[in-house]
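1. pasting the sequence and the predicted coordinates here, then a few questions.
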Amino acid sequence: MTDSIAIVASAMRADAEALRVISQNVANAQTPAYRREVPLVYSNFEAAATSTVVNADPLTLDTSVDLRPGTMQRTGEPLDLAIEGAAFFVVNTANGERLTRRGDFRLDAEGRIVTPSGEAVLGTNGPIQVQGAKPAIGSDGSVRVNDAVMDRLKLVEVTSAAALQPEGNGLYAVAAGEEAFDTSAAQVRQGYLETSNVQSVDEMISLMETMRRFEAAQRFIHGYDSMVDNAITTLGKV
């Protein structure tokens with residue numbers, strides 16, 4: 001494969017992944033507190049030129065989490081929670097603790113506050129259990145039942161978007177070498193949900209631009225293939 005075709009093929013692979021990311025953003029435009037992912041293309045030309053790996057990609061795509069907040073939407077539901085500030089809720093999953101901004105919680109059969117998919121929401125003392133009445137949750141994250149403080153929501157922050165690894169369902173793992181730290185700077189709003197930060201019009205524009213770029217690369221490869229085919233046919237007649 002020539003260098004030019006290798007570069008175009010690499011760009012097409014990156015664009016195909018970008019299309020997946022953008023489509024995922026569009027699909028989650030109505031998901032509470034969803035954070036859009038931003039496609040980032042990196043150049044690896046020097047590394048690819050010296051690589052011993054066949055067809056090493058000179059271009060690769062990575063993603064970054066857009067940490068800009070959504071807007072507050074009032075629901076009036078006592079277990080709908082939104083965060084003002086940069087903090088995240090912490091939940092307990094089968095793979096360990098994960099972070100989330102999605103606050104459409106519920107009570108499970110054991111009286112624990114859990115996510116829509118059943119992960120326990122953590123307080124400073126572990127999973128929060130509120131048997132009986134629906135809790136009152138203060139702006140500081142304190143969880144009260146009949147004026148008795150049961151626990152306080154565990155709220156954490158990260159230093160940058162690079163610390164977050166999306167895992168789906170609004171959950172994020174903390175990247176290796178990074179850490180999440182407790183914070184008291186954020187405020188919790190009970191009876192509200194945060195909307196996603198996806199701007200559907202912007203995503204659709206990005207989708208169309210990426211599709212056009214991908215189709216242009218396809219046309220280039222088809223044209224190059226036809227040129228090579230014609231050249232071989234012509235040489236065969238000499």
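-> Ah, there it is. Residues are numbered from 1 along each chain as shown.

2. which SSE is the residue nearest to S206 when sequence neighbours are not counted in?
-> Once flanking residues are discounted, S206 sits nearest to I22: 5.3 Å by Cβ to Cβ, 6 or more residues apart in numbering. For the C-beta atoms, the positions are set from N, CA and C on the backbone; glycine is no exception. Following DSSP states H and E, one finds I22 within helix 3-27.

3. could you point out where this protein is predicted with low confidence?
-> 1-4, 41-59, 225, 235-238 (pLDDT under 70).

4. need phi/psi at the one residue sitting closest to the centre of it.
-> Against the mean C-alpha coordinate of the chain, by Cα atoms, centre = their mean, the closest residue is P166 at 4.4 Å. When read as degrees, to the nearest 10, the backbone of P166 gives phi -60, psi 140.

5. which residue comes closest to L81 once chain neighbours are left out?
-> L81 sits nearest to G103 (Cβ to Cβ, 6+ apart), 3.7 Å away.

6. can you check R101 too?
-> A33 (3.7 Å).

7. my read: the one you found touches E194, true?
-> Yes. Contact criterion Cβ atoms under 8 Å: A33 and E194 qualify, at 4.2 Å.

8. give me the common contacts of the two.
-> Here A33 and E194 have 70, 82, 101, 103 as joint contacts, going by Cβ atoms under 8 Å, 6 or more residues apart in numbering.

9. how close does the last one sit to Y34?
-> Taking Cβ to Cβ, to the nearest Å as the measure, G103 falls 12 Å from Y34.

10. helix/strand/coil for the residue nearest to A180 when sequence neighbours are not counted?
-> Among residues not flanking A180 along the chain, V156 sits closest, at 4.0 Å (Cβ to Cβ, 6+ apart). Here V156 is recorded as strand under DSSP: H, G, I helix; E, B strand; the rest coil.

11. V156 bridge partners, please.
-> With DSSP bridges as the criterion, V156 is bridged to F88, D182.

12. again with the one 10 residues further on
-> Note on P166: beta-bridge partners by DSSP bridges are Y172.

13. in contact with it: list those residues for me.
-> 35, 37, 63, 65, 172 are the contacts of P166 under Cβ under 8 Å, 6+ apart.

14. next, the contact list for the third one, please.
-> Going back to what we said before, that points to T63. Counted by Cβ under 8 Å, 6+ apart, T63 has contacts 21, 37-40, 166.

15. brilliant, that's me finished.
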